[in-house]
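Visitor: Need coordinates for the below:
(chains A, B and C)
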Amino acid sequence: MKEIIRYGFILMMVAVVAATGLSAVYNVAKPRIDEQKRLQFEAALATALPGSETGIMEPVQRGDTVLYYRCYVDSLKTELLGYAFRTGYYGYSSEVESIVGIDSSGTILGLKILSQAETPGLGTKIQEIRYGEKDPYFLRQFIGQPAATVSLDKDGGKITAITGATISSRAVTRSILQGYEQMQENLQAER
Amino acid sequence: MELRVLLIIAVSAIFLNNFVFSRVLGICPYIGVSGQMDSAIGMGMAVTFVLTLASIVAWLVYTFFLAPTTANLFYHLFALEKPPDLTFLNTIVFILVIATLVQFVEMVIQKTSPSLYKSLGIYLPLITTNCAVLGVALLNVAAGYRFIESIVHGFTAGIGFTIALVLMAGIREKLELKDIPQSMRGTPIAFIMAGLIALAFLGFSGLKLM
Amino acid sequence: MSLLKEFSKGIYTQNPVFKQALGLCPLLAVSSTVSNGIGMGIAATFVLVCSNSIISLLRKVVPKKIRIPVYIVIIATFVTITDLTMAGFAPDLYARLGIFVPLIVVNCMILGRAEAFSGKNKLLPSIVDGLGMGLGFTLALFIISAIREILGNGTFFGIPLFGASYEPVLVMILPAGAFMTIGFLLGLFNWLENRKQNKKSAV
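Guide: Residues are numbered from 1 along each chain as shown, chains lettered A, B, ... in the order given. Okay, the predicted model is just below:
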């Protein structure tokens, strides 16, 4: 019995020391981690809405959920740069989530895939960056297209699908259509 | 609707995201005990049992002690201003709870049912360091599963693991009699077979579940 | 020089992966590109060296009966430190390695070293042992991920090797390719070992 108490005590001491040490590390690392997350999201927003780094970004919320972001060219808030919204559609083996930027007429300004778990080497090509290039070649095609009607060449549109990964490619176009529709509804509701 | 969600979790844990062939978890015991059918079935049952149990316990510990929600007991106990975020302790707490639990279950089975202990008991200590067990706890948290969903995910992941083990054991028993180059015998050929089965399982990933 | 021996045994004669078949899960799961593989190798080496030294320091204080839980707590602590540091300083790598960072806890190589070496040896040999084993593990990850990335993606560290006409062997970057690569490598090491022994017996 005495032994069990002694063992319990030693284990407890080890656990307490470990937990104390960890919370110290956590307190140091936490701000840094939050900062990284913020930076990543900001970088995604900047890809979706080029020029937004110097502009004013306003989240439009309903309750606690952000519906979309509205971005002005400068702090005067007279000239609208565009909108950005998050959207997603189920692809081949995962939800393909992205953030899309459009101008007030509905033309796509940019987009960035936030998360996906498609087949490596096929579906993942939707965000592949060729060596020496700066942006994914598949997503580049979307810039300048109307968000309301964007579709793959196989579906009568202008986006060339990735060979062997039509479903993943289609998930991107469908998600934009869906997100844009939602965006229009939200704008309508505000009026 | 609820049932549909559970069914999706089940099918995906067994086929699409099979722990062995797709998530690559629990490989050491997988290669270690897939030599014979008997031990494969025993190990499969033990893993399924522990995965289910680990899902339950990890969910309880996470929800009531670690997660930054109002369900957190520390929040009520110490009347804190806002729920504390202790999720950075996930790994250490999960592994401790699981290790203790497995030890405890082993003792209970030994005392109450010697026959069950004979078939399952010897595999239990091996399971503590099986990454599938910690993996299922962490995956449940990452996916934000609720209580029932966690249990279903844990149980079906175990079923998927068992299927993987049994398939492999069947093949390896046959391989014993085949003429394989000396240096490829045993573990190396087992890995090649696992690769081929994984390739076959890839066919499931096109299943439309949504 | 016995320290040199402790260091070098982890690299070939007792390589944790090829000779002892330990730590296979992270090895198979994150070795699809060289940068992932090396990142995982460094993380595991860090945890191994730290846990080895603490366990070695505590080896006379910790009662034999509860050594395993104590080892697990120590290892889990360093894994969490690694986890937090990676999330803060290497977010991209952290996102790619996913749950395999916390899963370093159950990497049997680390608990194995605690049980087989650092629980019985002095501080300096334990650190050296950790470094050697960690390096051996990293080396194994490097070899496997290099094979998989070169064949499966036609690149090495993200740099294309063969030009646009190369059609990558897709299967290599899928889990199936990981299983086969390690299978053939283990076979190769067995073959080398057998040949060595045959030569010896012939002499």
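Visitor: Could you look up the SS state of the residue most central in space within chain C?
Guide: Of all residues in chain C, the one closest to the mean position by CA atoms, centre = their mean is C:F137, 2.8 Å from it. Going by DSSP: H, G, I helix; E, B strand; the rest coil, the secondary structure assigned to C:F137 is helix.
Visitor: helices and strands of chain A: which one has the lowest mean pLDDT?
Guide: Lowest by mean pLDDT, DSSP states H and E among the helices and strands of chain A is strand A:56-62, with a mean of 84.
Visitor: Can you tell me the element residue 3 falls in?
Guide: In the absence of a named chain, chain A is used. Assigned by DSSP states H and E, A:E3 belongs to helix A:2-48.
Visitor: you looked at the wrong chain, it should be chain B
Guide: Following DSSP H and E, the helix or strand that holds B:L3 is helix B:2-11.
Visitor: and chain A, which residues reach chain C?
Guide: Taking CB under 8 Å from any CB of the partner chain as the measure of proximity, chain A contacts chain C at A:6-7, A:10-11, A:14-15, A:18, A:21-22, A:25-26, A:29, A:32-33, A:36-37, A:40, A:119-122, A:131. C-beta: built from backbone N, CA, C; applies to glycine.
Visitor: which of these count as buried?
Guide: Under a neighbour-count criterion of 16 or more other CB atoms under 10 Å in any protein chain shown, the subset of the residues of chain A next to chain C counted as buried comprises A:7, A:10-11, A:14-15, A:18, A:22, A:25-26, A:29, A:33, A:36, A:119-122.
Visitor: just to revisit the earlier point, briefly note if the helix holding A:E3 comes near chain B.
Guide: Yes: for helix A:2-48 and chain B, the contact criterion (CB under 8 Å from any CB) is met by A:15, A:18-19, A:22-23, A:26.
Visitor: how about those in JSON lines, adding pLDDT?
Guide: Below are the residues of helix A:2-48 next to chain B laid out as JSON lines (pLDDT from 0 to 100):
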{"residue": "A:A15", "pLDDT": "88"}
{"residue": "A:A18", "pLDDT": "91"}
{"residue": "A:A19", "pLDDT": "89"}
{"residue": "A:L22", "pLDDT": "92"}
{"residue": "A:S23", "pLDDT": "90"}
{"residue": "A:Y26", "pLDDT": "92"}
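Visitor: Which of those sits closest to B:C28?
Guide: Of all the residues of helix A:2-48 next to chain B, the one sitting nearest B:C28 is A:A18; the distance, using CB to CB, is 25.3 Å.
Visitor: Where do the helices of chain C begin and end?
Guide: Taking DSSP state H to define them, one finds helices in chain C at C:2-9, C:24-29, C:34-57, C:67-89, C:91-97, C:108-113, C:123-153, C:175-202.
Visitor: Please identify the buried residues of the third one?
Guide: By neighbour count with 16+ other CB under 10 Å, helix C:34-57 contains the buried residues C:34, C:36-56.
Visitor: Specify the angle between the biggest helix by length in chain B and helix B:2-11 in degrees.
Guide: In chain B, with assignment by DSSP H, the single longest helix is helix B:147-175. When axes from the mean of the first three to the mean of the last three CA atoms, to 10 degrees is applied, the directions of helix B:147-175 and helix B:2-11 differ by 30 degrees.
Visitor: ok, and does helix B:147-175 reach over to chain C?
Guide: No: contact between helix B:147-175 and chain C is absent, the nearest approach being 11.0 Å (criterion: CB under 8 Å from any CB).
Visitor: list the helices and strands that helix packs on?
Guide: helix B:2-11, helix B:27-33, helix B:37-61, helix B:131-143, helix B:187-202 (3 or more CB pairs under 8 Å, 6 or more residues apart in numbering or on different chains; DSSP states H and E).
Visitor: Including distance to chain C, mean neighbour count and mean pLDDT, could those go into JSON lines?
Guide: Conversion of these to JSON lines gives the following (distance: least, CB to the nearest CB, whole Å; neighbours: other CB atoms under 10 Å in any protein chain shown; pLDDT from 0 to 100):
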{"stretch": "helix B:2-11", "distance to chain C": "17", "mean neighbour count": "14", "mean pLDDT": "87"}
{"stretch": "helix B:27-33", "distance to chain C": "4", "mean neighbour count": "22", "mean pLDDT": "81"}
{"stretch": "helix B:37-61", "distance to chain C": "12", "mean neighbour count": "21", "mean pLDDT": "89"}
{"stretch": "helix B:131-143", "distance to chain C": "4", "mean neighbour count": "24", "mean pLDDT": "89"}
{"stretch": "helix B:187-202", "distance to chain C": "3", "mean neighbour count": "20", "mean pLDDT": "91"}
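Visitor: Can you say which of the ones you listed is nearest to chain A?
Guide: Of all the helices and strands packed on helix B:147-175, the one in closest proximity to chain A, counting by CB to the nearest CB, is helix B:187-202 (7.9 Å).
Visitor: Touching the closest one from outside, list them.
Guide: Contacts of helix B:187-202 from elsewhere in the structure, counted by CB atoms under 8 Å, 6 or more residues apart in numbering or on different chains, are A:119, B:15, B:18, B:20-22, B:30-31, B:34, B:164, B:167-168, B:171-172, B:175, B:180, B:184, C:21, C:171, C:174-180, C:182-184, C:186-187, C:190.
Visitor: just to revisit the earlier point, so what's the backbone phi/psi at the closest residue to the residue nearest to the centre of chain C other than its chain neighbours?
Guide: Using CB to CB, 6 or more residues apart in numbering or on different chains and skipping the chain neighbours, the partner closest in space to C:F137 is C:P16 (5.2 Å). Main-chain torsions, C:P16, degrees, to the nearest 10: phi -60, psi -30.
Visitor: so C:P16 makes contact with C:L139?
Guide: No: at 9.9 Å, C:P16 and C:L139 do not qualify as touching, with contact defined as CB atoms under 8 Å.
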